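1. Fold the stuff below for me.
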Amino acid sequence: MQRLIIFLSLLPILLAVILRKFNADRVLHSLKEKRLAKPAEEVSRRMLDSVSQSQVEIKTPARRWSAAPDHGKEWLVLPPGVASGVSASSHGKAALQVGLYLLSLREPKMLARRQWAIRFGHVFPVFTTVVMAFALVVRAVPAVWVLAIIMASCALAACAQFLTITAERRAADLACVVLEKKRIFPRLSDEEAVVSATRAWSWRSCLPGILSRLAP
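-> Now for the predicted structure:
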């Protein structure tokens, strides 16, 4: 029974790794040398201004919990490294953040479910691991069951990511529409690179919480 649980738990985790590798990491790696003239924060501001959202504040906190909200009423967050970055990857991440903010205005319930899934993916596997580690120390649960339960918690978190990743994909679509329709970049090659990076970033969060940190 324990081996069956471990095997079944591996399936969504492996699927998440494969999707991230092919749809996100591969694309972002190919764009790592692409440099643009302006920092990502400035381009994000242009995107917001172009859709009549000039009142939105762009925050760049030095430290924050990775599962904390990326946006709120008239504000959004860019990591400092992304805000000052000039790579196509940084611009893609910033564009996705703008897309998520725009999605919060159009479909708040969809984005709320996504934010719940992200928090669940960070908290639930870690909580389960701590509880199972304690159970293992006091010998309340056999080691193989500890492994099976931890794997199952990671699998549940991965499933939560899959069921809500549509929000990230929708946000990427919104961001790409703004980039293309408003001609944010004067050069077509820059626009195409950032559009590709934006769509790639929307796939990176298919791995839950701690697993995304462990992935290279």
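
2. My guess is Q161 contacts L207. True?
-> Yes: counting by C-beta atoms under 8 Å, Q161 touches L207, with 7.0 Å between them. The C-beta positions use only the backbone N, C-alpha and C, and glycine is treated the same way.

3. joint contacts of those two?
-> Common neighbours of Q161 and L207 (criterion: C-beta atoms under 8 Å, 6 or more residues apart in numbering): A16.

4. Helix, strand, or coil at R199?
-> At R199 the chain is in helix, as set by DSSP: H, G, I helix; E, B strand; the rest coil.

5. same question but for R119, I mixed them up
-> Three-state assignment for R119 (three-state DSSP): helix.

6. Not counting its own residues, what contacts stretch 60-70?
-> Stretch 60-70 has contacts (C-beta under 8 Å, 6+ apart) with 41, 76-80, 83, 97, 100-101, 115, 118-119, 121-123, 209.

7. Quick one: end-to-end length of stretch 198-211, please.
-> One end of stretch 198-211 to the other measures 21 Å (C-alpha to C-alpha, to the nearest Å).

8. do the same with stretch 64-78
-> This stretch, stretch 64-78, spans 11 Å end to end (C-alpha to C-alpha).

9. quick one: buried residues of that stretch?
-> Within stretch 64-78, the residues scored as buried using 16 or more other C-beta atoms under 10 Å are 69-71, 76-78.

10. isn't V178 right up against V51?
-> Yes: V178 is in contact with V51 according to C-beta under 8 Å; the separation is 6.0 Å.

11. Who has more neighbours out of these two?
-> V178 (20 against 17; other C-beta atoms under 10 Å).

12. check which helix or strand covers that one.
-> Using DSSP states H and E, V178 maps to helix 166-181.

13. Which neighbouring elements make contact with that helix?
-> The contact analysis (3 or more C-beta pairs under 8 Å, 6 or more residues apart in numbering; DSSP states H and E) places helix 166-181 against helix 40-50, helix 88-106, helix 108-137, helix 188-204.

14. Just the CA trace of that helix, in PDB.
-> Presented in PDB, the C-alpha positions along helix 166-181 are these (Å, rounded to 0.1, in the frame of the first residue of the first chain):
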ATOM      1  CA  THR A 166      -5.100  28.500 -15.800                       C
ATOM      2  CA  ALA A 167      -5.000  31.800 -13.900                       C
ATOM      3  CA  GLU A 168      -1.300  32.200 -14.600                       C
ATOM      4  CA  ARG A 169      -1.800  31.300 -18.300                       C
ATOM      5  CA  ARG A 170      -4.700  33.800 -18.500                       C
ATOM      6  CA  ALA A 171      -2.600  36.500 -16.900                       C
ATOM      7  CA  ALA A 172       0.200  35.800 -19.400                       C
ATOM      8  CA  ASP A 173      -2.300  36.200 -22.200                       C
ATOM      9  CA  LEU A 174      -3.500  39.600 -20.900                       C
ATOM     10  CA  ALA A 175       0.100  40.800 -20.500                       C
ATOM     11  CA  CYS A 176       1.000  39.700 -24.000                       C
ATOM     12  CA  VAL A 177      -2.000  41.500 -25.500                       C
ATOM     13  CA  VAL A 178      -0.900  44.700 -23.800                       C
ATOM     14  CA  LEU A 179       2.700  44.200 -25.100                       C
ATOM     15  CA  GLU A 180       1.600  43.600 -28.600                       C
ATOM     16  CA  LYS A 181      -1.400  46.000 -29.000                       C
END
